[in-house]
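Participant: take a look and give me a structure for this.
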Amino acid sequence: MVNLNALDLNLLRVLHTVLQQRSVAGAARALHVTSPAISNALGRLREELGDPLFVRHGRGLTPTPRAQELAPVLSGVFAQLEDSLRGGSFDPATCTRTLTLALSDADQLTSLAAIARSFTARLPRAALQVVSLDTLTSGGGLGAGHVDLTIGPRFEEPGLYTRALFHEDAVLVVRRDHPRVQKTVTRQLFNTERHVDVHLLLGRPGAGNRQLTTALEALGLVRQVGATVPTFAAVATVVANTDLIGGLPRRVAELYCRALDLRIVAGPAAPLSFEMCLHWHERTHHDPAVASFRAAIIDALGARPRSAPTRRRRSRRTA
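Facilitator: Purely as a prediction, here's the structure:
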C-alpha cells in the first residue's frame with residue numbers, strides 16, 4: 001500500500017502534468033524544469049505505486065489503466081486547489097484559458113457560429129478551440145484531458161455528464177435528377193438502392209450511426225452500402241455526383257441542397273429524430289471555466305432542458 005504521509009506530493013503534480021501533456025518534454029516546459037527531472041520523478045512514482053504509469057507510443061506516451069484511473073482524480077484535486085488559492089472566485093470576464101470543444105463537421109457548419117457568439121460574449125478574453133471528433137477519439141476521449149466538451153447524440157460512458165440541447169432529424173438526400181427516386185424513397189427503393197454511410201470516429205460508426213442502424217433494422221429497412229466516408233460533407237459531395245442515397249442531419253442537408261445538386265426526399269418511415277446533447281467528463285464538472293463554457297453553449301443552442309444533467313456512474317470493481 002502507498003503511504004500518503006511518506007509520498008512526495010510534488011510527484012503527483014508531475015504525474016498530473018505528464019497526463020495532460022503526454023510527453024516528458026512538454027511536462028518539463030510546463031513545470032519549468034528539465035526533462036531528466038521529470039523522468040526521475042516518474043521513476044520514483046513508479047516505484048511508489050508499483051506501476052509503469054506510461055508506455056511509449058510513437059512520439060508520445062500512453063497512460064496505463066492505473067494512470068488513467070488517477071487522471072480525473074488528480075485533475076479535480078488540482079483544479080479545486082487552484083480555485084482555493086485564487087480565493088474561490090472566478091470571473092468569466094477575465095478568464096484567459098483556452099477551452100476546447102469537439103464537433104462533427106455538420107455541427108461546425110450549423111452550430112459553431114452561434115456558439116462562438118455566445119462564447120465571446122460570456123468569456124471575452126478566453127480562447128475557443130474547436131477540434132474534430134477524430135481528434136477527440138484519438139486523444140482518449142473526454143476523460144483524457146485534451147477536450148472539455150463535445151456535442152452529439154446521447155451515449156453512455158462511465159464518468160460522463162450529459163445535458164440535452166435540441167433535437168435533430170435525419171433526412172434522406174439524392175441528386176436532383178436521380179433516375180429512380182422521385183419525391184419519396186419507397187421501402188423497396190430503400191432496400192435495393194445503394195447508400196453512402198458515414199463513419200465519424202476514426203473510421204468507425206458513431207453513436208448516431210448505431211442508433212440509426214438499430215432503428216432501420218426494427219423497421220425492416222437495410223442499407224446496401226456503396227460508399228463509406230468520414231464526414232457529412234463527403235456524404236453530400238458523393239450523393240450529388242452519383243445515384244447513391246445519403247442520410248444527413250436536416251440542418252446541414254438544407255445548407256448543402258442550396259450549394260450542391262441535391263434534394264431532400266421523404267423516406268419509407270418518419271425521419272429518425274436524434275436528441276443532441278452536450279457531454280462533459282466528471283474531471284471538469286466542478287471547473288468554473290468549463291461551467292461557463294457549458295452555459296454559453298446551452299444559451300446558444302436551445303431551450304434549457306427540464307431535467308438536470310445526467311451522469312453515467314462508474315461500475316464498481318469486484319474482487
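Participant: burial count for the closest residue to R22 other than its chain neighbours?
Facilitator: In space, and not counting its chain neighbours, R22 is closest to G60: 4.6 Å by Cβ to Cβ, 6 or more residues apart in numbering. Where you see a C-beta, it was placed from the backbone N, CA and C, and this is true even at glycine. The tally of other residues near G60 (other Cβ atoms under 10 Å) stands at 12.
Participant: which strand residues bridge G60?
Facilitator: On the basis of DSSP bridges, G60 is bridged to H57.
Participant: measure it to A144 for me?
Facilitator: 12 Å (Cβ to Cβ, to the nearest Å).
Participant: if I look at the residue nearest to R22, how far off is L15?
Facilitator: 15 Å.
Participant: again with S104
Facilitator: In terms of Cβ to Cβ, S104 sits 33 Å off from L15.
Participant: all strands of the stretch 101-250 of the chain, in order?
Facilitator: 127-132, 149-153, 160-175, 194-198, 224-229, 245-249 (DSSP state E, counting those that start in this stretch).
Participant: quick check, pLDDT for G88.
Facilitator: Looking at G88, its pLDDT is 59.
Participant: sorry, slip of the keys, the one I care about is P309.
Facilitator: 66.
Participant: and if you look at G159?
Facilitator: Reported pLDDT at G159 in the predicted model: 87.
Participant: same deal with the one 3 residues further on?
Facilitator: Per-residue pLDDT puts T162 at 95.
Participant: likewise the one 10 residues further on?
Facilitator: With respect to pLDDT, L172 scores 98.
Participant: cool, and the one 3 residues further on?
Facilitator: Predicted confidence (pLDDT) at R175: the value is 97.
Participant: is it in contact with V238, as I believe?
Facilitator: No: when contacts are counted by Cβ atoms under 8 Å, R175 is not listed as touching V238 (9.7 Å).
Participant: how is the chain carved up into domains?
Facilitator: 4-85, 98-313 (automatic domain parsing).
Participant: of those domains, which stretch is the most buried?
Facilitator: domain 98-313 (a mean of 18; mean count of other Cβ atoms under 10 Å).
Participant: any stretches of the protein with poor pLDDT?
Facilitator: Low-confidence segments of the chain (pLDDT under 70): 1-4, 83-84, 86-88, 303-319.
Participant: who touches the residue nearest to the spatial centre of it in this structure?
Facilitator: Geometric centre of the chain, nearest residue: T150, 3.7 Å, by Cα atoms, centre = their mean. Each residue near T150 by Cβ atoms under 8 Å, 6 or more residues apart in numbering is listed here: 101-103, 133, 136, 142, 278-280.
Participant: for L81, pull up the helix or strand it's in.
Facilitator: helix 65-85 (DSSP states H and E).
Participant: let me redo that: I38
Facilitator: Taking DSSP H and E as the criterion, I38 maps to helix 35-49.
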